[in-house]
Structures are given as structure tokens and as C-alpha cells.
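In: here is my input, please return the structure:
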Amino acid sequence: MCMEGVPPQGMSTGGVPLCRTADVPPNGMRACAQAGKEYLVTQQDGVFHVFQHKCPHRGGPLSKGRLQDGVVTCPWHSSKFDVRTGKLVTGPKVGPEVPFVRKFIALFVRNLREYPSVVNDGMLYLQNP
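Out: Model (predicted):
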């Protein structure tokens with residue numbers, strides 16, 4: 001259950017409610033929204049992370065991609081990101097399969113932006129959204 005439209009409560013938690021931790025499967029992900037903005041929430045090895053929802057290459061919805069072994073693959077052009085760090089693993093599959101071309105294209109794809117978050121009493125809260 002995403003908390004879209006839920007007013008900020010419990011400021012003692014230091015954040016804005018985003019989702020229940022039970023709604024994010026172990027070693028899984030889901031899209032959640034708060035205040036009209038979508039986020040990608042991941043749980044990898046019991047640790048939660050909140051990232052931008054759109055791929056920095058062309059805006060593909062990362063929650064519609066595949067998550068395997070801690071790496072999410074964008075459904076549009078197959079950019080891969082580590083869900084523990086947000087770092088780009090491999091750039092998009094566009095253009096010819098020539099190593100220097102792939103490296104050049106990858107120069108223009110950034111790492112995912114991670115948003116600070118905290119877990120409290122079964123809820124995931126965004127800090128400074």
C-alpha cells in the first residue's frame with residue numbers, strides 16, 4: 001500500500017510515510033508515490049532503499065523492469081543499476097554492439113538518485129523528500 005495522499009504524520013519518525021515495509025517483497029521492488037512523485041522502493045538482503053523511479057537514460061519506469069541478484073534492468077533499453085548503491089552497472093543497449101560505442105553512450109547515463117529513508121514500526125519514511 002503506497003501512501004500517496006497521506007498527509008505527513010509522525011514527524012518524530014523524521015520523515016513522510018511512503019509505504020509499509022511488508023508491501024515490498026524480500027529482494028524485490030515496487031513503485032510508490034508521495035506528493036505526486038513516484039519512487040522506486042527496493043528491499044535487498046533486508047535493507048530498504050528509495051531511488052528515483054525513472055531511468056536516467058530515457059525515463060523508463062524501473063519498477064516495470066527486472067530485478068535479479070541485486071540489479072534492476074530498465075525495461076526500455078536495458079540499462080542496469082545496483083539496487084544497493086544506485087550505481088550504473090551497464091549502460092543502455094542502443095546502437096551497434098561495439099564496446100567503445102557502448103562505453104560512450106554510458107557516459108551520458110547517470111547513477112540513480114537515492115533518497116534518504118528510515119524504517120520505523122513497519123513503515124518506510126522518506127526523509128527530506
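In: wait, isn't Asp45 in contact with Asn27?
Out: Yes: shown here, Asp45 and Asn27 form a contact pair, counting by Cβ atoms under 8 Å, at 7.1 Å. Bear in mind the C-beta positions are built from the backbone N, C-alpha and C, glycine included.
In: quickly list what's touching both of these two.
Out: Common neighbours of Asp45 and Asn27, using Cβ atoms under 8 Å, 6 or more residues apart in numbering, are Gly70.
In: so for the two, which residue has more residues nearby?
Out: Comparing Asp45 with Asn27 by other Cβ atoms under 10 Å, the one with more neighbours is Asn27, at 15 against 9.
In: any idea how far Cys55 is from the nearest residue to Gly60 once chain neighbours are set aside?
Out: Among residues not flanking Gly60 along the chain, Trp76 sits closest, at 3.4 Å (Cβ to Cβ, 6 or more residues apart in numbering). To Cys55, Trp76 is 7 Å away according to Cβ to Cβ, to the nearest Å.
In: so Ala22 sits in a helix?
Out: Yes: looking at Ala22 with DSSP: H, G, I helix; E, B strand; the rest coil, it is inside a helix.
In: okay, Trp76 and Cys55: which has more neighbours?
Out: The residue with more neighbours, out of Trp76 and Cys55, is Cys55; 25 against 18, by other Cβ under 10 Å.
In: list the contacts of that one.
Out: Neighbour list for Cys55: 61-62, 74, 76-77, 79, 109 [criterion: Cβ under 8 Å, 6+ apart].
In: out of those residues, the closest to Leu18 would be?
Out: Using Cβ to Cβ, Leu62 comes nearest to Leu18 of these, at 15.6 Å.
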